[in-house]
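**Q** structure, please.
(chains A, B, C and D)
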2 protein chains.
Amino acid sequence: MLIGEISLKTGLSRDTIRYYEKIGLIKLNKKQRRDNNYKEYSAEIIERLEIIKRAKYLGFSLQEIKELIDAWANKTLTVDERIELFESRIALLDEKILRLNEVKSLIRKRIKQIKEEGK
Amino acid sequence: MLIGEISLKTGLSRDTIRYYEKIGLIKLNKKQRRDNNYKEYSAEIIERLEIIKRAKYLGFSLQEIKELIDAWANKTLTVDERIELFESRIALLDEKILRLNEVKSLIRKRIKQIKEEGK
DNA sequence: GATAACATTGGAGTCTACTCCATGGTCAAG
DNA sequence: CTTGACCATGGAGTAGACTCCAATGTTATC
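**A** Numbering: from 1, shown residues only, chains lettered A, B, ... in the order given. Reported below is the predicted structural model:
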């Protein structure tokens, strides 16, 4: 697939996709080029971009996302180290879920208040 | 309290607090000044800053946070409109929680994979 | 074979959310 | 009464994450 198709399928602009390439969030090896120098993207790249989109939406910076992605296929860490890294990410997500629930109950409280006042 | 104390208690820099004032995220009425022109902040402001911090951490932009805060004490909307607005925010939070859980299980899957490979 | 719609790279510009001066006033401690 | 630690305002500068543009190449279509 060419970049235009990837852009359509992910909803990210061509420029954004190229930017992600530039900062190493997604990578094409040299062979993924057509004869005319056009880049050939795989379905895997779409999946990765979807993950990036989701993580961004959840308030992670591109840097943080990069770290997670790098660990995903990392060859230098031991099995235990990688698992530990992922566990710590899960802990982070749990922390966020907790905070979200806190904000939810704050808003719920406010709704109750408004209903009381409205009477 | 003066801005230095607020800064200490919230962990936000003076500049950040002043910036939030500038864009209307927090407001001081004219009477909240000492004779020497120093700003007098209330405990309420600290609470509001804590909410802002939390929302930021959860991936909301200052603009989105401002909209929520403005609705908080809004006088122009009807009771029903305000409740609807808050309900929609809760739906948004639920959406985020859902996505967080999705990412969690993605990571869990990967941990399993790694453990398998490690054998 | 001209035109439109795509692709490439490189670099400049923009928006958000700060962060860092510079300048000048205030005040408690020594 | 000076020194150091605060305070205020205004404006410039910065990092992150795009977004836009220019110059140029490629390809499908009329």
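
**Q** and the residue in chain A positioned nearest to chain B, backbone torsions?
**A** Minimum separation of chain A from chain B (Cβ to the nearest Cβ) falls at A:G59, amounting to 2.5 Å. Using the backbone N, CA and C atoms, a C-beta is placed for each residue, glycine as well. Dihedral angles phi and psi of A:G59 (degrees, to the nearest 10) take the values phi 90, psi 20.

**Q** my guess is it meets B:S61, correct?
**A** No. Distance between A:G59 and B:S61: 9.9 Å, which falls outside the contact criterion (Cβ atoms under 8 Å).

**Q** who's more crowded, the two?
**A** Higher neighbour count among A:G59 and B:S61: A:G59, with 18 against 11, using other Cβ atoms under 10 Å in any protein chain shown.

**Q** what sits against the more buried one?
**A** A:96, B:56-60 (Cβ atoms under 8 Å, 6 or more residues apart in numbering or on different chains).

**Q** among those residues, which are located in helices?
**A** The helices, defined by DSSP state H, take in A:96, B:56-57 from these.

**Q** ranking by neighbours, what's the top pick from those?
**A** If you count neighbours using other Cβ under 10 Å, the busiest of those is A:K96, which has 20 neighbours.

**Q** apart from its neighbours in sequence, what residue is nearest that residue?
**A** Of all residues beyond its chain neighbours, the one nearest A:K96 is B:L100 (5.8 Å), with distances taken as Cβ to Cβ, 6 or more residues apart in numbering or on different chains.

**Q** quick check: which element contains that neighbour?
**A** With the criterion set as DSSP states H and E, the secondary-structure element containing B:L100 is helix B:79-118.

**Q** other SSEs contacting that helix?
**A** helix A:43-57, helix A:79-118, helix B:62-72 (3 or more Cβ pairs under 8 Å, 6 or more residues apart in numbering or on different chains; DSSP states H and E).

**Q** from B:I114, how far out is the residue nearest the centre of chain A?
**A** The geometric centre of chain A, computed from its C-alpha atoms, lies nearest to A:I52 (Cα atoms, centre = their mean), at 2.3 Å. When Cβ to Cβ, to the nearest Å is applied, the distance between A:I52 and B:I114 equals 21 Å.

**Q** now swap in A:I65 and tell me
**A** Taking Cβ to Cβ, one finds A:I65 at 19 Å from B:I114.

**Q** what about the spatially closest residue to A:E64 that is not a sequence neighbour, how many neighbours?
**A** Counting by Cβ to Cβ, 6+ apart, the nearest residue to A:E64 once its immediate chain neighbours are dropped is A:A55, at 7.5 Å. When neighbours are counted by other Cβ under 10 Å, A:A55 registers 20.

**Q** where does chain A dip in pLDDT?
**A** Along chain A, the parts satisfying pLDDT under 70 run over A:30-31.

**Q** give me the domain ranges for it.
**A** Per the record, chain A has its domains at A:1-58, A:74-119, by automatic domain parsing.

**Q** A:G118 reaches A:K112, doesn't it?
**A** No. The pair formed by A:G118 and A:K112 falls short of the contact definition of Cβ under 8 Å, at 10.6 Å.

**Q** in chain A, which residue sits closest to DNA strand C?
**A** Nearest residue of chain A to DNA strand C, counting by Cβ to the nearest atom of the strand: A:G4, 2.7 Å away.
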